[in-house]
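In: Starting from these lines, generate the structure:
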Amino acid sequence: MVNRSDYAFKYSMRELKRLFPNTPFLEVKMQELEGDEVRVKSLEEFIDVCDKLRLLVEYSVDDENGSVRFLTKYQGRTLVYEIDINEFYKAVSRIRELKESVV
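Out: Sure, this is the predicted structure:
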């Protein structure tokens, strides 16, 4: 049986891919961070930068903590955004509303 957070996560990822077609997404296994990453404050900011620069976004799900981590590399730096799975759906909904209201 599929639980609700799995469905919400898959739906949210489909929405991100639809809203940001220039951004390639790649699911990877959760890895330990090295400590020299730059933390980004919002998903909107993170995805917008990746979309404009056409950066590869790697994402992984941490089932133990119930979070999703997004990361990308740009000019020798690793940019990271981490969000709770339950908050992820809400964040993507806000992004969708913003993008659709602009268009």
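In: Only C-alpha atoms from now on, for both contacts and neighbour counts.
Out: Noted.
In: The helix or strand of the chain with the lowest mean pLDDT packs against which elements?
Out: For the chain, the helix or strand with the lowest mean confidence is helix 4-19, at a mean of 86 (criterion: mean pLDDT, DSSP states H and E). Where contact means 3 or more C-alpha pairs under 8 Å, 6 or more residues apart in numbering; DSSP states H and E, helix 4-19 is packed against helix 85-102.
In: residues in contact with the helix it packs on?
Out: With C-alpha atoms under 8 Å, 6 or more residues apart in numbering as the test, helix 85-102 has contacts from 5, 8, 9, 12, 15, 16, 19, 43, 44, 66, 67, 68.
In: Recalculate using a threshold of 10 Å.
Out: 4-13, 15-16, 18-20, 42-44, 47-48, 61-63, 65-69, 82-83 (C-alpha atoms under 10 Å, 6 or more residues apart in numbering).
In: which ones are touching residue 73?
Out: Per C-alpha under 10 Å, 6+ apart, neighbours of residue 73: 37, 38, 50, 55, 56, 57, 58, 79, 80.
In: My read is that the second one contacts residue 82, right?
Out: No - counting by C-alpha atoms under 10 Å, residue 38 sits too far from residue 82 to count as a contact (11.4 Å).
In: More neighbours: which of those two?
Out: More crowded of residue 38 and residue 82, by other C-alpha atoms under 10 Å: residue 82, with 19 against 13.
In: residues contacting the more buried one?
Out: Taking C-alpha under 10 Å, 6+ apart, one finds 39-43, 59-61, 67-71, 88 in contact with residue 82.
In: let's see 8 Å
Out: 67, 68, 69, 70.
In: Inside strands: which ones of these?
Out: Using DSSP state E to define strands, the subset of the contacts of residue 82 located there is 67, 68, 69, 70.
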